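Peer 1: sharing a sequence plus its predicted fold:
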Amino acid sequence: MKLFAQKEAEAFVQTGAKEFRFNREIRLTPGAKDIFTEANVKLVFDEGAAAPAACAAKGAAAPSGADTDDQKLFNSPKAQELKEQLCDMGRRMWMREYCDGNGGNISAKLAEDRYICTPTGVSKGFMKPEMLCLVDGNGVQLAGTWKRTSEFMSHAAIYKSTPEAASVCHAHPCYAGAFAIKGMQPPPRLIPELEVFVGTVAVTPYKTPGSQDMADEIFKLAPAHQSILMGNHGVITWGKSVEDAYFKMEITDAYCRTIIHAQSIPGGTAIAGEEMSTLLKLKKGLGLPDDRYELKPVELGEIDPWTQMCGEHGCSSPVTPFNPMTRSDTPPAEMEGLVQKLTDEILKQLQK
């Protein structure tokens, strides 16, 4: 154990560093802490911190403000702007109840193979710019005193497979999440905004969050899908800016919310195949990806969204606990016979 006293703290402050990293082998005196407080030097406990040659005799750990290219990049005006945007989007996600506890994460591309991402273990509604991290495409943390999100590799899969992606947003919105836990793709052809600004929402099977298996699933889907439901987990979206990535999240969840409510109302319409072709032409002109550009109008209108959403009876009558979604392979006539047989048996038992 080495004592780091007031004189050592004064010498450290004179170096101009704004952060002092220390480990269990260093004990700060009250006087040293006062010096650091007055000089606005941040104290960071880091078990793996190593003493630099200039301070080795005093037992001081290397300041993170070292004059490195990555550190300069991380403290650049562009980086600061992105940090503030990420914190702003985090607050908006939290206020819309897209994030439970410390769930969700956001990232943005800062430079080639350099990304700013949110930290782990922090509510997205209460992040500050100094909490964010700098990582490379392999998830190696290069700067920042808070540990990076454990799910960055899912983000990296999008950046690697989709060069136009400038930002990635992952959250747990309830309505889109309902489809994710069902492993069900939200049906298309119901709201123009989703068709133009998001497109078909892809679905992955469940894989452990943050794992390479999850990243592999996302890597395959991202080039043609800006919104992906992660099986039994949440939603991940990408965009050409931080706000754009977040917008995809809002649009996806609003769409899922609307059709979940709509399924309880009798009747149902959909956008015709010809109209879908018009929307896709508009989308293509905006330079947005979609996996349906080569489809003809008849192919675009081939699947009835309400049959996909509500089963065999479509939306001719509301889906309720007493009129549930049906996905049985049993023919309707045979099903009707089974229901009648069950009803007769119940009446028979009541008459006894």
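Peer 2: Structure's in. What do you need?

Peer 1: quick one, longest helix in this structure?
Peer 2: helix 242-262 (DSSP state H).

Peer 1: which residues in the stretch 151-300 of the chain form helices?
Peer 2: Remark: helices assigned in the stretch 151-300 of the chain by DSSP state H, counting those that start in this stretch are 152-161, 174-182, 192-197, 212-221, 242-262, 273-285, 297-300.

Peer 1: does Phe12 touch Phe20 like I think?
Peer 2: Yes: applying CB atoms under 8 Å, one finds Phe12 in contact with Phe20, separated by 6.3 Å. Where C-beta positions appear, they are placed from N, C-alpha and C, glycine not excepted.

Peer 1: is Val168 in a bridge, and if so with what?
Peer 2: For Val168, the beta-bridge partners under DSSP bridges are Ser107, Trp238.

Peer 1: just to revisit the earlier point, settle it for me: which of Phe12 and Phe20 has more neighbours?
Peer 2: More crowded of Phe12 and Phe20, by other CB atoms under 10 Å: Phe20, with 28 against 22.

Peer 1: how about that one, secondary structure?
Peer 2: When classified by DSSP: H, G, I helix; E, B strand; the rest coil, Phe20 comes out as strand.

Peer 1: going forward, count from 42.
Peer 2: Shifting the count to begin at 42 puts that one at Phe61.

Peer 1: bridging residues for it?
Peer 2: With DSSP bridges as the rule, Phe61 is bridged to Leu84.

Peer 1: hmm, Leu84 and it touching each other?
Peer 2: Yes: using CB under 8 Å, Phe61 and Leu84 qualify as a contacting pair, with a distance of 5.5 Å.

Peer 1: mutual contacts of those two, please.
Peer 2: Here Phe61 and Leu84 have Phe77 as joint contacts, going by CB atoms under 8 Å, 6 or more residues apart in numbering.

Peer 1: thinking again about what came up before, ok now the longest helix of the chain, how far from the chain's centre?
Peer 2: 13 Å (CA atoms, centre = their mean, to the nearest Å).

Peer 1: next, the buried residues of that helix.
Peer 2: For helix 283-303, a neighbour-count test (16 or more other CB atoms under 10 Å) marks 283, 285-297, 300-301, 303 as buried.

Peer 1: check contacts around the closest residue to Gln267 other than its chain neighbours.
Peer 2: Setting aside the residues directly before and after it, Gln267 is nearest to Lys289 in space (CB to CB, 6 or more residues apart in numbering), at 5.1 Å. Each residue near Lys289 by CB under 8 Å, 6+ apart is listed here: Cys210, Phe238, Val239, Gln267, Ser268, Thr278, Trp279, Gly280.

Peer 1: report the central residue of the protein.
Peer 2: His211 (0.3 Å; CA atoms, centre = their mean).

Peer 1: I'd say that one and Ser195 touch.
Peer 2: Yes: His211 is within contact range of Ser195, at 6.6 Å (criterion: CB under 8 Å).

Peer 1: buried ones in stretch 193-204?
Peer 2: For stretch 193-204, by 16+ other CB under 10 Å, it's Phe193, Met194, Ser195, His196, Ala197, Ala198, Ile199, Tyr200, Lys201, Ser202, Thr203.
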